[in-house]
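Trainee: no sequence for this one, just the structure:
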């Protein structure tokens, strides 16, 4: 891939990041942003910048990159073009944890509706599914069998959430629905630090398994014949995906289509399957796409904010359809 293409993509990423900071219900010019950065945080623009816009833009960047990398790992591991970062049931487990914390009061006699309570329950739910998947991977050698179990975990979690919804009052249902729509706002700097550390750790660890990932594209039997430790590679992929998808879902809610669409867009642009070259490209495209979706969701110059999950679906679904029409199939 030519250097000029990378330069264009990085320029677009920077432009979208700046636009995401400048635009919103209140427009802040570049000059005002500069004064807010070097001036007191107590000013109106300083508060908007430091407490609202900057955390949101950075969260969009990290979330887009993390979900895109997780989607790439799942598509490579399962050799399935429709696999995404939540195919192992991580998102469903987080959703079940949140459903129990919000709607569990109707059946179980307790309720955790604070922001920290919802985040904690989401982490516990996704971590429980993560542990279950790890235990199952010890006994099942077939990767496709692991995929089916992940899908069944998602169906089971959805069924339990449906039961809780049936017995819950409207206010609790409303709160759970709002969580399911996803949100990049209301993120503290401490939470951003946690997401940043997890994302950075995952990206560094990913480069240890670039060669095994490349050989997996030719099938497990061929990779095994080349001496690739399939079990260890599978564990790496599962752990990294669960860390990324679980932590992002805990703080931002379930965000659809980014992890599914971005790896295919990167392959279309690069026309190369080498993961060493794909990873930086996927990070740039994933971050840019979610920043663009967040920019749309903020509805600049209005007081409305649209659900980020709705915008990613509205943008991601046509992208996947276009990829299918253009390539006749989704390759991996």
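Mentor: Arrived safely, thanks for sending. Remember, it's a predicted structure, so these values are computed and weren't measured experimentally. Residues are numbered from 1 along each chain as shown.
Trainee: List the buried residues in the helix or strand containing residue 12.
Mentor: With secondary structure defined by DSSP states H and E, residue 12 is part of helix 3-22. Under the neighbour-count criterion of 16 or more other Cβ atoms under 10 Å, helix 3-22 has 9, 13, 16-17, 19-22 buried. For the C-beta atoms, the positions are set from N, CA and C on the backbone; glycine is no exception.
Trainee: ditto for stretch 277-291
Mentor: Taking 16+ other Cβ under 10 Å as the criterion, stretch 277-291 shows 278-279, 281-291 as buried.
Trainee: cool, stretch 239-256 as well?
Mentor: Per 16+ other Cβ under 10 Å, stretch 239-256 contains these buried residues: 239-256.
Trainee: Could you check how sure the model is about it, as an average pLDDT?
Mentor: Averaging pLDDT along stretch 239-256 yields 87.
Trainee: Stretch 78-96 too?
Mentor: Mean pLDDT, stretch 78-96: 83.
Trainee: What of stretch 52-63?
Mentor: Computed over stretch 52-63, the mean pLDDT rounds to 93.
Trainee: Moving C-terminal from the helix or strand of the chain with the lowest mean pLDDT, which element do we reach first?
Mentor: Of the helices and strands making up the chain, the lowest-confidence element is helix 105-108, at a mean of 58, by mean pLDDT, DSSP states H and E. Tracing the chain C-terminally past helix 105-108 and defining elements by DSSP H and E, one meets helix 115-139 next.
Trainee: Which strands or helices does that following helix pack on?
Mentor: When contacts are defined as 3 or more Cβ pairs under 8 Å, 6 or more residues apart in numbering; DSSP states H and E, helix 115-139 sits against helix 90-103, helix 143-167, helix 230-252.
Trainee: Deepest-packed of the ones you listed, please.
Mentor: The densest packing among the helices and strands packed on helix 115-139, expressed as mean neighbour count by mean count of other Cβ atoms under 10 Å, is seen in helix 90-103 with a mean of 27.
Trainee: Report the angle between that helix and helix 143-167.
Mentor: Orientation note: helix 90-103 sits at an angle of 20 degrees relative to helix 143-167 (axes from the mean of the first three to the mean of the last three Cα atoms, to 10 degrees).
Trainee: tell me which strands and helices helix 90-103 is in contact with?
Mentor: For helix 90-103, the elements it packs on are helix 115-139, helix 143-167, helix 170-180, helix 230-252, judged by 3+ Cβ pairs under 8 Å, 6+ apart.
Trainee: That helix to helix 170-180, inter-axis angle?
Mentor: Using the same axes, to 10 degrees: helix 90-103 against helix 170-180 is 150 degrees.
Trainee: Tell me what angle helix 90-103 forms with helix 230-252.
Mentor: In terms of direction (the same axes, to 10 degrees), helix 90-103 departs from helix 230-252 by 40 degrees.
Trainee: Now do helix 90-103 against helix 115-139: the angle between them, please.
Mentor: For helix 90-103 against helix 115-139, the angle between stretch directions is 140 degrees (the same axes, to 10 degrees).
Trainee: gap between helix 90-103 and the chain center?
Mentor: Centre-to-centre, helix 90-103 and its host chain are 16 Å apart (Cα atoms, centre = their mean, to the nearest Å).
Trainee: separation between residue 125 and residue 261?
Mentor: Look at residue 125 and residue 261: by Cβ to Cβ, to the nearest Å, they are 25 Å apart.
Trainee: Next, work out how far apart residue 214 and residue 17 are.
Mentor: Residue 214 sits 31 Å away from residue 17, taking Cβ to Cβ as the criterion.
Trainee: for residue 267, same thing?
Mentor: Counting by Cβ to Cβ, the gap from residue 267 to residue 17 is 24 Å.
Trainee: next one: residue 225
Mentor: Taking Cβ to Cβ as the criterion, residue 225 is separated from residue 17 by 45 Å.
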